[in-house]
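Engineer: Pasting the sequence and the predicted coordinates here, then a few questions.
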Amino acid sequence: MIRTRGLTKDFVVSRTETVHAVRGIDLDVAPGELVAVLGPNGAGKTTTMRMLTTLIRPTAGSAVVAGADVSTDPGTVRRNIGYVGQGNGAGHVQRAADELTVQGRVYGLDARTARRRTDELLDALDLRPLARRKVSDLSGGQRRRLDVALGLVHAPQLLFLDEPSTGLDPHTRANLWEHILRLRAEHGMTIVLTTHYLDEADTMAERVVVVDHGRVIADDTADALKRDLAGDRLVLRAGAPGAPDGRSAAAALAALVTRLPGARDVTVDGPVVEARVADAAAAVPQVVVAAASAGLTVASAQAVRPTLDDVFLALTGRSLRDEGAPAAPTDDPADATTDSTRKDAA
Ligand SMILES: Nc1ncnc2c1ncn2[C@@H]1O[C@H](COP(=O)(O)OP(=O)(O)OP(=O)(O)O)[C@@H](O)[C@H]1O
């Protein structure tokens, strides 16, 4: 459904400054996949999406999207895809239902089909009670649902969602996702989305593509990324004052932990022992039994599953949650990137 090779975008800002927003991305998305693109502010996610949706031309490389080349046949790409950008796509003075019908007509649907699609989408996205309301009178969450409906009006095979749920409250986010996943199940749509909500990428996407400084630095299922790049953490608190051989209980416990499968980065801080292990949930009973036979008491044991933020930290040494994550490098010695797109990470 998508195949890019060496996809690149440079923005020439001035004679001395070029922003290398996307630096040679190779991406393959199969029909029916739901792929989340993650990365810090300024990583190049929106720029990539704008190239794939034909809104801007690549500087170099190639992209075939929904059967057509974005550079040589952008019209076909546009007809086959839906795009929900970061801003609201709907006109403000129109009524919600009219907006949908007009959008359908813009995509070449005849008047009857456009009205039928409008009806279907009003129901599918719970917009029916709002059909006669002006877009400007809708709440943020209602407008976001209308945006998604607008992206779907021509029944695209491939839907791009740029931060679909940013700014929505948890209830509205969950509601919007329910609608998106149902529509996907019904129509077998391929979905590519960007998000700053790591939990959203983790639970909704079958594949997570991590982008940093305009490059793909990881691409796999969320589970595989967490297992291979971050790993489980085991946190134990030693309960007994000392081990039978005179060492501190925590040090003795740490010695047991080092023998667990995949154990690494074992640290002792007072009575607390922490380590990365292959399977923390399985390690808890193992270590408790081993401690008991060594005459040690474990006061508490916690199996901590990694998050996608741990994955990013392991890959880059930075947290995705850090505000002010560095933007794309530029040619300017002062690296004065014009980062007008910066937003707060969730
Ligand atoms: N029209 C433009 N002119 C100059 N620089 C641009 C332009 N559009 C984007 N950039 C720069 O390209 C880099 C990548 O921006 P992009 O919007 O793709 O990042 P992003 O990963 O989507 O970030 P965010 O999570 O903040 O939306 C940034 O440094 C941005 O400032």
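Structural biologist: Yep, it's here. Numbers count the residues shown, from 1 in each chain.
Engineer: residue ranges with poor pLDDT in the protein?
Structural biologist: 87-92, 240-247, 322-346 (pLDDT under 70).
Engineer: Contacts for whichever helix in it runs longest next, please.
Structural biologist: Using DSSP state H to define each element, the chain has its longest helix at helix 170-187. For helix 170-187, the external contacting residues (C-beta atoms under 8 Å, 6 or more residues apart in numbering) are 34, 124-126, 140-141, 144-145, 148, 152, 155, 161, 164-165, 168, 189, 191, 197, 200, 204. C-beta: built from backbone N, CA, C; applies to glycine.
Engineer: give me the number of residues near Thr172?
Structural biologist: 17 (other C-beta atoms under 10 Å).
Engineer: Run a quick check on Ala97 versus Arg117, I expect a contact.
Structural biologist: No: between Ala97 and Arg117 there is no contact under C-beta atoms under 8 Å: 11.0 Å.
Engineer: How about the residues of the stretch 1-150 of the chain by the ligand?
Structural biologist: Phe11, Val13, Val19, Ala21, Gly39, Asn41, Gly42, Ala43, Gly44, Lys45, Thr46, Thr47 (C-beta under 6 Å from any ligand atom).
Engineer: Show me which of those residues are buried.
Structural biologist: Among these, those classed as buried by 16 or more other C-beta atoms under 10 Å are Phe11, Val19, Ala21, Gly39, Asn41, Gly42, Ala43, Gly44, Lys45, Thr46, Thr47.
Engineer: can you put those in a markdown table and add secondary structure?
Structural biologist: As requested, these are exported to a markdown table (DSSP: H, G, I helix; E, B strand; the rest coil):
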| residue | secondary structure |
| --- | --- |
| Phe11 | strand |
| Val19 | strand |
| Ala21 | strand |
| Gly39 | coil |
| Asn41 | coil |
| Gly42 | coil |
| Ala43 | coil |
| Gly44 | coil |
| Lys45 | helix |
| Thr46 | helix |
| Thr47 | helix |
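Engineer: Contacts only, for Asp265.
Structural biologist: Asp265 neighbours (C-beta under 8 Å, 6+ apart): Glu274, Ala275, Arg276.
Engineer: What is the nearest of these to the ligand?
Structural biologist: Arg276 (28.9 Å; C-beta to the nearest ligand atom).
Engineer: how's the protein carved up into domains?
Structural biologist: 1-219, 229-314 (the TED database).
Engineer: out of those, nearest to Arg321?
Structural biologist: Minimum separation from Arg321 across the domains of the chain (C-beta to C-beta) falls at domain 229-314, 5.8 Å.
Engineer: Which residues of the stretch 151-300 of the chain lie near the ligand?
Structural biologist: The stretch 151-300 of the chain has no residues near the ligand, with proximity defined as C-beta under 6 Å from any ligand atom.
Engineer: mind listing the strands for the stretch 151-300 of the chain?
Structural biologist: 158-162, 190-194, 207-212, 215-220, 232-238, 264-269, 272-277, 298-304 (DSSP state E, counting those that start in this stretch).
Engineer: Next, the contact list for Leu236, please.
Structural biologist: Applying C-beta under 8 Å, 6+ apart to Leu236 gives the contacts Leu253, Val257, Val272, Val273, Glu274, Val287, Val298, Ser300, Ala301, Gln302.
Engineer: Of those, which is the most crowded?
Structural biologist: Leu253 (29 neighbours).
Engineer: can you tell me how far that one sits from the ligand?
Structural biologist: Shown here: Leu253 relative to the ligand, a distance of 42 Å by C-beta to the nearest ligand atom, to the nearest Å.
Engineer: How about Arg132?
Structural biologist: 34 Å.
Engineer: so Gln103 is in which element?
Structural biologist: In the assignment (DSSP states H and E), Gln103 maps to helix 96-106.
Engineer: Buried residues of that helix, list them for me.
Structural biologist: Ala96, Ala97, Asp98, Glu99, Leu100, Thr101, Val102, Gln103, Gly104.
Engineer: Please apply the same query to stretch 155-169.
Structural biologist: Applying 16+ other C-beta under 10 Å to stretch 155-169 flags 155-166, 168 as buried.
Engineer: likewise stretch 11-20?
Structural biologist: Phe11, Glu17, Thr18, Val19, His20.
Engineer: for the protein, what spans make up the helices?
Structural biologist: Listed in chain order, the helices of the chain (DSSP H) span 45-52, 74-80, 96-106, 111-124, 140-152, 170-187, 198-204, 222-225, 249-257, 280-293, 308-316.
Engineer: and those, which is most packed in?
Structural biologist: Stretch with highest mean neighbour count among the helices of the chain: helix 45-52 (a mean of 24; mean count of other C-beta atoms under 10 Å).
Engineer: which helices and strands does it pack with?
Structural biologist: strand 2-12, strand 18-29, strand 34-38, strand 60-65, strand 158-162, strand 190-194 (3 or more C-beta pairs under 8 Å, 6 or more residues apart in numbering; DSSP states H and E).
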